[in-house]
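1. This is a predicted model, with the sequence first.
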Amino acid sequence: MSNPIIRYWKLHKIPILLALLSCIFYYVFAYQLIRTDFVKLITLFAALFFICLRLVRFEKWNLKFLAVCGVIFRLIFLMAEPNLSQDYFRFIWDGHLVSQFQNPYLLSPDALMEQGSKLIPNAELLHQSMGSLSAKHYSNYPPVNQLFFALAALFGGQSIFNSILVMRFSIILADLGILYFGRKLLKNLNQSPHLIFWYFLNPLVIIELTGNLHFEGVMIFFFVWALYLISIKKWIVAALPYAFSICVKLVPLLFLPLFLKYFSIKKSVFFYALVVLACTLLFIPFYSSEFISNYSETVGLWFSNFEFNAGIYNLVKYTAVQFDAKPWELIKTYGTITQVLTVLVILALAFLRKNEKLPVLASSMLWALSFYYFMTPTVHPWYVIFLVVLSLFTEYRFPIIWSAAATLSYFAYSRADFQENAWLLTLEYSCVFGFMLYEIVKLGKLKLIFRNN
């Protein structure tokens, strides 16, 4: 009995020790870190990224070992409260409304508190903890996301912590689904299945999704499931999980025009119709005369009011301010320009690239979303996770570099006024753009996003 264990230890001693060291670092991150301590935060992140790199390289043929490590790392966060984000308070707030068949898109938390609503357990604590920015706006989370919030509120009852547990288990299960379908999709694309562990063991993924309860992982699960179904020619069935992906987060909407060449015009129109029908059915329970204006207003704020960890926008703002431009006016104009340019780039990718092959289609998606994130004024680190997944189905790996470099933006958490450090943002984007250009030159893809082979 002991001989196989001893042999296994001798063969995998270094990876096992690295995994144990990761467990210690994740524990410290989950239970002993205050987000204002930037030095401790960035040191832990750097160490975890380094270990992730080593683990994947050492054990890329031992997928069971990597899978077990990924699950254990996530379970370490099980009893921890999120320490980098307060968004989960709003999730629970919306969940209580939906679980009681109330529409979260019609009244802001501030308005509900003014009415003295008693629908929500721990209402005062949730309202204060979600932050003033969230409290004064309508919910911007799509209906499937709201259903997950409702499950958390329903099974969590009056306990905030129990609601956290329900959301955390949902996100972990979604990550296991990504692992399962991601491996299958990689095999169908004739790529090594070990690549999925650049997602599954990525510290940004584990900390921001499992740790801080962002639902990008649930969106990505439905998205990867849909791509897998498309890869095995079950594109009609794929429309449903694709619609679910959109109704968790709206991001996959950007990719719909890119399917035009992959499916051909006739099939793509049918696919679009199925996706739109499914999305419509999912939104119908929340529909009211005020819904469209309220939801559009809230979503529009992300294009014209907020800024965090921006790339090109910061450069434009710095230049514009030198000519006496007013930042609060600039961001509104810039947001409109970003929307128009993003649509034009997506249309160019849809019509100028040979998206008939799934790897080329995936790279078109990667470039489309990368362009949007490079341009937009708001790039929270967990947004980059979608790029990480898309990159695994292409030849590009710069999003993995970005998933590490984006943690530099956490410096703002160490300041009471959330003031960002321009030098750290410059370092972040220099790493990303530098590695991206290196890959383009190395792979001989001088035509960049409009490469046709």
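-> Yep, that arrived.
2. Please tell me how far the nearest residue to residue 420 once chain neighbours are set aside sits from residue 12.
-> Excluding the flanking residues, the one nearest residue 420 by CB to CB, 6 or more residues apart in numbering is residue 412, at 4.8 Å. Where you see a C-beta, it was placed from the backbone N, CA and C, and this is true even at glycine. Taking CB to CB, to the nearest Å as the measure, residue 412 falls 40 Å from residue 12.
3. Same check on residue 353?
-> In terms of CB to CB, residue 353 sits 43 Å off from residue 12.
4. So which of these two has more stuff around it?
-> residue 353 (22 against 16; other CB atoms under 10 Å).
5. So what does residue 308 look like in phi/psi?
-> Torsion angles at residue 308 (phi, psi; degrees, to the nearest 10) stand at phi -160, psi 130.
6. ok, the closest residue to it other than its chain neighbours - contacts?
-> Residue nearest to residue 308 in three dimensions, not counting chain neighbours: residue 378, with 5.1 Å by CB to CB, 6+ apart. Residue 378 sits next to 302, 306, 307, 308, 309, 310 when contact means CB atoms under 8 Å, 6 or more residues apart in numbering.
7. Which two among the residues you listed are spaced furthest apart?
-> Spatial extent of the contacts of residue 378 (CB to CB) is set by the pair 302 and 309 at 13.2 Å.
8. For these two, indicate the residue with more neighbours.
-> residue 309 (26 against 14).
9. who touches that one in this structure?
-> Residues in contact with residue 309 (CB under 8 Å, 6+ apart) are 378, 379, 380, 381, 406, 409, 412, 420, 425, 428.
10. Name the nearest of those relative to residue 205.
-> residue 381 (10.5 Å).
11. Can you report how many residues lie near the residue nearest to residue 420?
-> 18.
12. hang on, it packs against residue 419?
-> Yes - using CB atoms under 8 Å, residue 412 is in contact with residue 419, at 6.5 Å.
13. still on that earlier bit, can you pull the contacts of the residue nearest to residue 420?
-> Contacts of residue 412 by CB under 8 Å, 6+ apart are 308, 309, 418, 419, 420, 421.
14. what do you get if the cut-off is 7 Å, keeping everything else the same?
-> The contact partners of residue 412, by CB atoms under 7 Å, 6 or more residues apart in numbering, come to 418, 419, 420.
15. what about it, distance to residue 406?
-> 12 Å.
16. For stretch 236-244, which outside residues touch it?
-> 144, 222-223, 225-226, 229-230, 252, 271, 274-275, 278-279, 282.
17. in that stretch, what's buried?
-> Buried residues in stretch 236-244, counted by 16 or more other CB atoms under 10 Å: 238, 239, 240, 241, 242, 243, 244.
18. Equivalent analysis for stretch 414-424, please.
-> The neighbour-count check on stretch 414-424 (16+ other CB under 10 Å) flags 414, 420, 421, 424 as buried.
19. which among those residues gets closest to residue 258?
-> Distance to residue 258, by CB to CB, is smallest for residue 420 among the buried residues of stretch 414-424, at 32.6 Å.
20. Let's see the pLDDT reported for the closest one.
-> pLDDT, residue 420: 90.
21. For it, grab phi and psi.
-> Backbone geometry at residue 420, expressed as degrees, to the nearest 10, gives phi -80, psi 160.
22. what residues are up against it?
-> Counting by CB under 7 Å, 6+ apart, residue 420 has contacts 409, 411, 412.
23. So the second one: helix, strand or coil?
-> Applying DSSP: H, G, I helix; E, B strand; the rest coil to residue 411 yields a three-state assignment of helix.
24. Neighbours of it, how many?
-> Applying other CB under 10 Å, we find 21 other residues in the vicinity of residue 411.
25. That one contacts residue 421, doesn't it?
-> Yes - judged on CB atoms under 7 Å, residue 411 makes contact with residue 421 at a distance of 4.8 Å.
26. Can I get the buried part of the contacts of stretch 236-244 as one ChimeraX selection?
-> Buried residues within the contacts of stretch 236-244, by 16+ other CB under 10 Å, are selected in ChimeraX with:
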select :144,222,223,225,226,229,230,252,271,274,275,278,279,282
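27. Which of the helices and strands in this protein ranks last by mean pLDDT?
-> Lowest mean confidence among the helices and strands of the chain (mean pLDDT, DSSP states H and E): helix 291-304, at a mean of 73.
28. List the contacts of the next helix or strand after that one.
-> Sequence-wise, the next helix or strand downstream of helix 291-304 (DSSP states H and E) is helix 312-322. Helix 312-322 has contacts (CB under 7 Å, 6+ apart) with 307, 327, 330, 334, 374, 375, 376, 377, 425.
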